[in-house]
Each structure stands twice: as structure tokens, then as C-alpha cells.
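**Q** Here's a sequence, model it:
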Amino acid sequence: MSETTSVDRGWAAATTLGLTALVYALLVGVAGVAFYVTPLTIGIGGTLAGVLARRPRLLAIGVAVGIWGIAVVLVREGVVPHAREGAAFMTGVAAGLLVAAVIARRHHFSMVGPAIALIASGVAYYLAFDVEFVDDWPFWTGVLVLWAVVEGLRRPEA
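**A** Modelled structure (predicted):
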């Protein structure tokens with residue numbers, strides 16, 4: 001997987017993230033799947049977009065958020081006790097960053113993207129308790145659509 005390919009694959013990232021937004025809206029907004037699947041869904045979408053677009057930075061971000069999302073689902077489903085939520089989330093974030101670091105090392109890029117994604121995820125999780133729209137699926141559908149547009153317009157790095 002290389003950021004520099006002969007064909008610009010931004011369309012693959014944009015299409016995948018756009019479809020992720022649609023699937024997320026249908027699952028959470030229409031079918032009533034629990035909101036706590038949000039980070040896992042975003043992570044899966046980012047991971048698939050990174051693979052299909054051959055963009056390791058996008059892959060690393062998706063993997064980092066997705067692994068934390070697994071921890072969220074495990075806690076919310078009761079597999080991990082709620083009293084261990086902090087430890088579970090810290091472990092998910094650390095594991096996500098570790099896998100992202102392996103990807104970054106292999107493809108020679110900075111870990112800033114995955115780190116910022118996880119900081120933003122943590123801040124959003126914190127705000128979701130007090131800011132109503134952050135804890136609502138239409139907001140995250142919009143975030144996914146915006147991410148799709150950005151990835152569609154972004155050029156692979158040289």
C-alpha cells in the first residue's frame with residue numbers, strides 16, 4: 001500500500017466513507033442499533049477506506065479509532081464490567097495507537113493523524129454527556145460525509 005500511486009484513489013476513500021455514513025444512518029437512525037457503535041462504525045469505515053484507497057494514513061486512523069470502538073462496545077454490552085470502563089478504554093486507545101504505529105513505521109509517516117483522531121474521539125465522548133447534538137446520530141453521519149468529501153479532495157502525498 002503506497003500513498004503515491006499512478007492513479008488517484010481519493011474516489012475510493014470518498015465512496016467508502018460516504019457508504020459508511022449511509023450504513024451508519026440506517027443502522028443507528030432507522031434500525032435503532034445502539035448509539036455506542038459509533039466509534040466502531042467510524043473505525044471500520046476509515047479502515048476500509050484506507051485499504052481501498054491505498055492510503056496508509058487513513059488506514060492507521062481507522063484502525064486506531066476502530067480498536068477503541070471495540071472497547072466501547074465490549075463495555076456497553078457488559079462483556080467488560082462498567083467499573084472497568086476507564087481501563088478498557090485506555091487499553092483500547094493504547095492498542096489502537098500501537099497498531100497505527102506499526103502501520104506508520106512500515107509506511108514512513110508521522111503518528112500525528114491517529115493521535116489527533118483519538119484525542120478528538122475522547123473529547124467528543126466527553127462532550128456527549130453535556131452537548132446534546134454530539135450524542136446524536138445525524139451529527140456523526142454529517143461528520144462521516146464531511147470526512148468523505150475531504151478524502152475525495154485530498155491528493156496522495158509525495
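
**Q** shaky segments in this structure?
**A** Counting by pLDDT under 70, the chain shows low-confidence ranges at 1-8, 157-158.

**Q** show me where it has helices.
**A** 10-24, 38-53, 56-76, 85-107, 112-127, 137-153 (DSSP state H).

**Q** C-alpha coordinates for the longest one, CSV please?
**A** Only the C-alpha atoms of helix 85-107 are listed here, as CSV (Å, rounded to 0.1, in the frame of the first residue of the first chain):
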residue,chain,number,x,y,z
GLU,A,85,-14.6,1.3,31.7
GLY,A,86,-11.6,3.6,32.1
ALA,A,87,-9.1,0.7,32.0
ALA,A,88,-10.9,-0.8,29.0
PHE,A,89,-10.9,2.5,27.1
MET,A,90,-7.3,3.2,27.9
THR,A,91,-6.3,-0.3,26.7
GLY,A,92,-8.4,0.2,23.5
VAL,A,93,-6.7,3.6,22.8
ALA,A,94,-3.2,2.2,23.5
ALA,A,95,-3.8,-0.9,21.4
GLY,A,96,-5.2,1.3,18.6
LEU,A,97,-2.2,3.6,18.7
LEU,A,98,0.2,0.6,18.8
VAL,A,99,-1.3,-0.9,15.6
ALA,A,100,-1.3,2.5,14.0
ALA,A,101,2.4,2.9,14.9
VAL,A,102,3.2,-0.3,13.2
ILE,A,103,1.5,0.9,10.0
ALA,A,104,3.2,4.3,10.3
ARG,A,105,6.6,2.8,10.7
ARG,A,106,6.1,0.5,7.7
HIS,A,107,5.0,3.4,5.5
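
**Q** which residues sit against it?
**A** The contact list for helix 85-107, computed with CB atoms under 8 Å, 6 or more residues apart in numbering, reads 1-3, 56-57, 59-61, 63-72, 74-75, 80, 110-111, 114-115, 118, 122. Every C-beta, even on glycine, is put in place using the N, C-alpha and C of the backbone.

**Q** For PyMOL, what selects the buried ones among these?
**A** Buried residues within those, by 16 or more other CB atoms under 10 Å, are selected in PyMOL with:
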select buried, resi 3+56+57+59+60+61+63+64+65+66+67+68+69+70+71+72+74+75+80+111+114+115+118
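
**Q** my guess is Arg9 meets Ala53, correct?
**A** Yes: counting by CB atoms under 8 Å, Arg9 touches Ala53, with 4.3 Å between them.
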